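Visitor: following is a predicted model, sequence given first.
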Amino acid sequence: MESKTDTSHQLQSNGSLSKTYKESTPLLFDQERRQLKVLQKIAYGVGHVYNDICAAVWFSYALIYFQLVAETGPILAGTMLFIGQTIDAFATPLAGYLIGLCGTKKMWHFIGSVCVTVTFPLIFSTWKITHQTIWAQAMYYSPVITIFQTGWAIVQIAHLSLMPEMTPLVSERAELTALRYSFSMASQIFVYLIAWAFFSDLEGMNMKLLAPKDSIRFQHITILSGSIGVLCTLFFYLGSRRTWTNVTHTVGTAEEKSEINQKKKDVIFSTSIYKVAVLYTSSRLFLTLSLVYFPMFINEVVLRKSSTLATVPLVSFIASCIASMASKSFTTYCGGNRALYIAGCITCLFGTALVRMHTRKSEETWMIFIAAALFGTGSSVTMVVSLCVTANLIGADTQIGAFIYSGVTFADKLLNGIAVITIEYMMCEDARNCPFYYRNTLSYVNIFIAAVGLIASMSVSSKLFRKEETI
């Protein structure tokens, strides 16, 4: 699971393949005015809500669920997240290839949605799994997570690929992108509000905020949030339903294809792509690890207040939304981004310092909320800038946009999985020997990542921090 906008460049560049083909395409815009109706725009906007809901639950609660509720142990829990990220890394480009090769976008969207609907509740279900051997748990969760992540990738690519077919107007495509992003933010806030509702009356016992008996709460969260996701998906199908027609896609010549391949080779042998990849990956890694490990950190330092498992991520996300909008107002023309990126890294470092200051369990949580807000603000700023720099790396060569984006996002997803499984593997066999392991993880590991991001920002050419320059 990853940044949705990254993949859109990959899909839009598929038209450069050296062949001509016809496929059934929904003519969703008004034939006379060539403009989408409001209902159609909203229907498209909610078409990815189910994926957004599942992503929020997966990143925020999968690890703590596996360890404290399903009691899989840290190594198996880390392995499950590693499998999920690895499958996502490989399934995304494969889904893009298959969707462009055969079938309609809505058909693939439906197939992916079915996979997600069937497996999402099963991930957060301890039916006959708790207290089983590690191999029995692995045999249950591995195929379920594989199908879930594959379906998630299919829905993501299918939904993105529909946008160019819905309207030929650039302004409307921008509006659809904005709607998609808005509904994505609303979906994540919705998930944390639901979690807050189910955790608010829960008080942790035996120094842990969650236990196997709380599996019913996760089932309620997944069923309720999943039901909303299914309803949004149905509205997407019904609201965007129109007459289907054949559209001919004309594509480039053999010479154009050869030119694109040469550009790809030039990118591979350019140091800029690797510097930008480090910049983007470090930003994404900080964001993802913060989402995954903040609940584990809360479990270590918060006494009894289980509701903080929902309220702290909610505060962090709201802060990130505000910072993202503020950052975009400064980066509309992508100018002065190096200083902004450095400011984001410094904000993240302040957050890690506050995390490290916790030395015991307590009912006082105000410092945790401040740290969460700093994490959300800093990581959001660095992500906005890194995406802007990546776009500048592509510049006017949109034909290789998919190649660059797929490369950096593939590395991001794979490294996220490797980082999680490595952190879990290094966990003490007896948790009592390292009672603040996840506090140290959230602080020291993220300090290292932020430092890598800072170094990368210094090494990237100033040209890539300005809109008018390209490589």
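Guide: Sure thing, it's come through. Predicted, not measured: the structure shown is a model, and the values here were computed from it.
Visitor: hmm, residue 143 and residue 80 touching each other?
Guide: No: using C-beta atoms under 8 Å, residue 80 is not in contact with residue 143, being 11.4 Å away. Where C-beta positions appear, they are placed from N, C-alpha and C, glycine not excepted.
Visitor: which one's more surrounded, the two?
Guide: The neighbour comparison of residue 80 against residue 143 (other C-beta atoms under 10 Å) goes to residue 80, with 26 against 13.
Visitor: next SSE after the helix or strand of the chain with the lowest mean pLDDT?
Guide: Ranked by mean pLDDT, DSSP states H and E, the helix or strand of the chain with the weakest confidence is strand 21-26, at a mean of 39. Counting by DSSP states H and E, the element after strand 21-26 in chain order, helix or strand, is helix 38-45.
Visitor: residues in contact with that next one?
Guide: 28-29, 36, 159, 162-163, 166, 172, 175-176, 179-180, 182-183, 235-236, 238-240 (C-beta atoms under 8 Å, 6 or more residues apart in numbering).
Visitor: please check those and keep the buried ones.
Guide: Buried members of the contacts of helix 38-45, scored by 16 or more other C-beta atoms under 10 Å, are 28-29, 36, 159, 162-163, 166, 172, 175-176, 179-180, 183, 235-236, 239-240.
Visitor: restricted to helices, list the residues you listed.
Guide: 159, 162-163, 166, 172, 175-176, 179-180, 183, 235-236, 239 (DSSP state H).
Visitor: of the residues you listed, which pair is most distant in space?
Guide: Spatial extent of these (C-beta to C-beta) is set by the pair 172 and 235 at 19.1 Å.
Visitor: got the domain ranges for the chain?
Guide: Here the chain is described, according to the TED database, as comprising the domains 45-241, 257-470.
Visitor: could you redo the ones you listed as CSV and give each row mean pLDDT?
Guide: Output for those, formatted as CSV (pLDDT from 0 to 100):
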stretch, mean pLDDT
domain 45-241, 87
domain 257-470, 84
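Visitor: need the contact list for the nearest residue to residue 356 once chain neighbours are set aside.
Guide: Take residue 356 and drop its neighbours on the chain: the residue closest to it by C-beta to C-beta, 6 or more residues apart in numbering is residue 443, 4.0 Å away. Remark: with contacts taken as C-beta under 8 Å, 6+ apart, residue 443 is in contact with 352-353, 355-356.
Visitor: quick one: stretch 60-72 to chain centroid distance?
Guide: Averaging C-alpha positions (C-alpha atoms, centre = their mean, to the nearest Å) puts stretch 60-72 19 Å from its chain's average.
Visitor: ugh, wrong one, stretch 48-60
Guide: For stretch 48-60, the distance from its own C-alpha centre to the chain's C-alpha centre is 8 Å (C-alpha atoms, centre = their mean).
Visitor: equivalent analysis for stretch 423-440, please.
Guide: The chain centroid and the centroid of stretch 423-440 are separated by 26 Å, computed with C-alpha atoms, centre = their mean.
Visitor: likewise for stretch 292-309?
Guide: Per C-alpha atoms, centre = their mean, the displacement of stretch 292-309 from the mean C-alpha position of its chain is 22 Å.
Visitor: put the alpha carbons of that stretch into PDB.
Guide: Output of stretch 292-309 as PDB, limited to C-alpha atoms (Å, rounded to 0.1, in the frame of the first residue of the first chain):
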ATOM      1  CA  VAL A 292       3.100   1.100  12.700                       C
ATOM      2  CA  TYR A 293       5.000   1.700  15.900                       C
ATOM      3  CA  PHE A 294       3.200   4.500  17.600                       C
ATOM      4  CA  PRO A 295       0.500   2.200  19.000                       C
ATOM      5  CA  MET A 296       3.200  -0.200  20.200                       C
ATOM      6  CA  PHE A 297       4.900   2.700  21.900                       C
ATOM      7  CA  ILE A 298       1.600   3.800  23.500                       C
ATOM      8  CA  ASN A 299       1.200   0.300  24.900                       C
ATOM      9  CA  GLU A 300       4.600   0.600  26.600                       C
ATOM     10  CA  VAL A 301       4.200   4.000  28.300                       C
ATOM     11  CA  VAL A 302       0.400   4.600  28.800                       C
ATOM     12  CA  LEU A 303      -1.300   3.200  31.800                       C
ATOM     13  CA  ARG A 304      -4.900   2.000  31.400                       C
ATOM     14  CA  LYS A 305      -6.100   4.600  28.800                       C
ATOM     15  CA  SER A 306      -6.700   2.300  25.800                       C
ATOM     16  CA  SER A 307      -8.600   5.100  24.000                       C
ATOM     17  CA  THR A 308      -5.200   6.700  23.300                       C
ATOM     18  CA  LEU A 309      -4.600   4.000  20.700                       C
END
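Visitor: any buried residues in it, and which?
Guide: Across stretch 292-309, burial judged by 16+ other C-beta under 10 Å covers 292-302, 305-309.
Visitor: report the buried residues of the helix or strand where residue 110 lies.
Guide: With secondary structure defined by DSSP H and E, residue 110 is part of helix 105-123. Burial within helix 105-123, assessed by neighbour count using 16+ other C-beta under 10 Å, is assigned to 105-106, 108-113, 115-117, 119-120, 122-123.
Visitor: ok, stretch 345-358 next?
Guide: Along stretch 345-358, the positions that meet the burial threshold by neighbour count (16+ other C-beta under 10 Å) are 345, 347-349, 351-352, 354-356, 358.
Visitor: now, which of the residues you listed lie within helices?
Guide: 345, 347-349, 351-352, 354-356.
Visitor: which among these gets closest to residue 221?
Guide: When these are compared against residue 221 (criterion: C-beta to C-beta), the nearest one is residue 355, at 25.5 Å.
Visitor: and the closest one, how far is that from residue 447?
Guide: Taking C-beta to C-beta, to the nearest Å as the measure, residue 355 falls 10 Å from residue 447.
Visitor: residue 420 now?
Guide: 17 Å.
Visitor: which one's more surrounded, those two?
Guide: residue 420 (24 against 18).
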